[in-house]
Every structure is written in structure tokens, then in C-alpha cells.
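J.: Dropping the sequence and predicted coords here.
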Amino acid sequence: MLALRNNHGYGPGMAAPTQILIVEDEPLIAMMLEDFLEVLEKTAVGTVDSVASALARVNDGGIDAAILDVNLRGGEKSTPVAEALAARDIPFVFATGGSDDSVDAQFRDRPVLQKPFTMEGVARALEAL
């Protein structure tokens, strides 16, 4: 079995992330991600739909990793959430229906999960953390 580690996540001998924050403004997509996480034996420790609510949840702690929709409603981008997570060394993956160019340049080395999501895609993205 091949075990990989990057600069932002878990490697051999380290526990894989199980407490996952979902930042997604589309309720049906958020519900689907929650279902996928349950099947993957992960726990959605919060599902939020704005930068303000995501930052509040990050400050509450108890998060091992996060899935961040790049573009939230009202033209908000999840970049401030990514910055808060990075400052706490919490790994995250970006979710986008667009190109990787929509991810802020400082975070283009992070995993990207392309929409539409599949169970396999979510599993691979979380494993890449």
C-alpha cells in the first residue's frame, strides 16, 4: 500500500482527518457531502454557508479538515476561511465547478475537488490531505 504525505496533511503514523467542516452554500450539495462523509466514516462537524459562519466555526475548534466551496453566494470567496485554517495547520480541500484558476494563487497547491462530486472523488480529495 502506498502512503503519501504532502506539506499540508497527514502521513504514515498520523491519524487521517475524520472531523470535517463543510463550507457550501448550496443546501443539496451540502447534504450530499454530509452523506458521502458518513459513508466514508467521517463526521461533518459543521455545515456552513458563509465566510462569517465558517470563521466562527473554525474558531470553535474540533476540526480536522475542511471542504471549502471556492465561490459562495453573494460573491463571497472562501479565501478568508482558507487563511484561517492554514494559520491553524488544518488541512482543507477546495471544491469548485470552475477552473483551478478560481482558487486564490496562494492556495493553488492545495487539493481541488471538481464538481459534480462523486463518492470516489471526495474520498481521493480527503486522502490527498
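T.: Looks like it came in fine.

J.: all contacts plus neighbour counts: C-alpha atoms, from now on.
T.: Noted.

J.: mind checking the longest helix of the chain?
T.: helix 27-39 (DSSP state H).

J.: Show me what that helix is packed against.
T.: Counting contacts by 3 or more C-alpha pairs under 8 Å, 6 or more residues apart in numbering; DSSP states H and E, helix 27-39 is packed against strand 19-23, strand 43-48.

J.: what's the helix or strand of the chain with the lowest mean pLDDT in contact with?
T.: None of the helices or strands of the chain scores lower by mean pLDDT, DSSP states H and E than strand 112-114, at a mean of 91. Contacts to strand 112-114, defined as C-alpha atoms under 8 Å, 6 or more residues apart in numbering, come from residues 93-98, 100, 121-122, 125.

J.: in the sheet, who's paired with the closest residue to residue 63 other than its chain neighbours?
T.: Computed as C-alpha to C-alpha, 6 or more residues apart in numbering, the closest residue to residue 63 that is not its neighbour in sequence is residue 19, at 5.3 Å. Beta-bridge pairing for residue 19 (DSSP bridges): residue 43.

J.: So the most centrally placed residue in the chain: helix, strand or coil?
T.: In the chain, the residue lying closest to the centroid (C-alpha atoms, centre = their mean) is residue 67, at 1.6 Å. Three-state call for residue 67 (DSSP: H, G, I helix; E, B strand; the rest coil): strand.

J.: how far away is it from residue 113?
T.: 9 Å (C-alpha to C-alpha, to the nearest Å).

J.: and if you look at residue 66?
T.: 12 Å.

J.: Go ahead and confirm residue 63 touches residue 42.
T.: No - in this structure, residue 63 is not within contact of residue 42 by C-alpha atoms under 8 Å, at 11.4 Å.

J.: Mind checking which of these two has more residues around it?
T.: Neighbour totals were compared for residue 63 and residue 42, and residue 63 leads with 21 against 17 (other C-alpha atoms under 10 Å).

J.: Mind listing the shared neighbours of residue 66 and residue 113?
T.: Residues touching both residue 66 and residue 113 (C-alpha under 8 Å, 6+ apart): residue 93.

J.: correct me, but residue 64 touches residue 17?
T.: Yes - the pair residue 64 and residue 17 passes the contact test of C-alpha under 8 Å, sitting 5.0 Å apart.
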